[in-house]
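Chemist: Predicted structure and sequence below. I'll ask about it afterward.
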Amino acid sequence: MTTDATHQHGPRMHFHKLAPEVSKAMFALEKASRQGLDPVLIELVKLRASQLNHCAFCLDMHAKDARKAGETEERIYLLSAWEEATGYYTEKEQAALALTEAVTVLTDGFVPDAVYERAARHFPEEELAQLLAMIVTINAWNRIGVTTRLAPGAYSV
């Protein structure tokens, strides 16, 4: 089976107009999932999940949001290799990124106990629940963006 890896056309549909109640619920979920989490950590998680899901629209959006939240260009660029970028991310951020990868790429199996326990060591239980909610939310947004082929570039902070 051959697939065209590049998409030279616009969005497939205008999801927000066609499913307004779902869109409204997603924005409410987005707002709720952010509570109690550091804005920079939120954007790192969103960027990493979006990298794994190949969501260009979300990558563009969250790189811009990360910069606004105070993130450096260097850390944004190194995010796809965060495990190798020793010294650039805190232990807490690394634990969040490992959990993000495990939850995002479920085709590799269940979320390993070691990954979950690592995150649990750095996040109090309520904050860990919020982090999980954030990871689930960005994965939902990524799936909407990739499926509907939202085009990057138009988003502004």
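Modeler: Structure's in. What do you need?
Chemist: residues of stretch 148-157 that come out buried?
Modeler: Neighbour counts over stretch 148-157 (16 or more other Cβ atoms under 10 Å) mark 148, 150 as buried. For glycine as for every other residue, the C-beta is placed from the backbone atoms N, C-alpha and C.
Chemist: ugh, wrong one, stretch 121-140
Modeler: Buried residues in stretch 121-140 (16+ other Cβ under 10 Å): 122-123, 127-128, 130-135, 137-139.
Chemist: just how off-centre is it within its chain?
Modeler: 11 Å (Cα atoms, centre = their mean, to the nearest Å).
Chemist: ditto for stretch 83-96
Modeler: For stretch 83-96, the distance to the chain centre is 16 Å (Cα atoms, centre = their mean).
Chemist: shift numbering so it begins at 2
Modeler: Will do, 2 is the new start, and the previous item becomes stretch 84-97.
Chemist: What helix or strand is the spatially most central residue of the chain located in?
Modeler: Geometric centre of the chain, nearest residue: residue 47, 2.2 Å, by Cα atoms, centre = their mean. If you go by DSSP states H and E, residue 47 is part of helix 40-54.
Chemist: Tell me the buried residues in that helix?
Modeler: 41-54.
Chemist: confidence score at residue 79?
Modeler: Reported pLDDT at residue 79 in the predicted model: 97.
Chemist: okay, now residue 37: neighbour count?
Modeler: Using other Cβ atoms under 10 Å, residue 37 has 12 neighbouring residues.
Chemist: Let me know the pLDDT of it.
Modeler: 96.
Chemist: And what about the nearest residue to it once chain neighbours are set aside, helix, strand or coil?
Modeler: Residue nearest to residue 37 in three dimensions, not counting chain neighbours: residue 131, with 5.0 Å by Cβ to Cβ, 6 or more residues apart in numbering. Residue 131 falls in the helix class when you classify it by DSSP: H, G, I helix; E, B strand; the rest coil.
Chemist: that older thread, check contacts around the residue nearest to the centre of the chain.
Modeler: 59, 63, 66, 135, 139 (Cβ atoms under 8 Å, 6 or more residues apart in numbering).
Chemist: now do residue 91
Modeler: For residue 91, counting by Cβ under 8 Å, 6+ apart, there are no contacting residues.
Chemist: what about the helices in the protein?
Modeler: Residue ranges of the helices in the chain, as given by DSSP state H, are 16-19, 21-35, 40-54, 57-69, 74-79, 92-105, 114-123, 126-149.
Chemist: Just put the buried residues of stretch 122-141 in TSV and tack on distance to residue 79.
Modeler: Output for the buried residues of stretch 122-141, formatted as TSV (distance: Cβ to Cβ, whole Å):
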residue	distance to residue 79
123	20
124	22
128	24
129	25
131	25
132	21
133	24
134	26
135	21
136	20
138	24
139	19
140	22
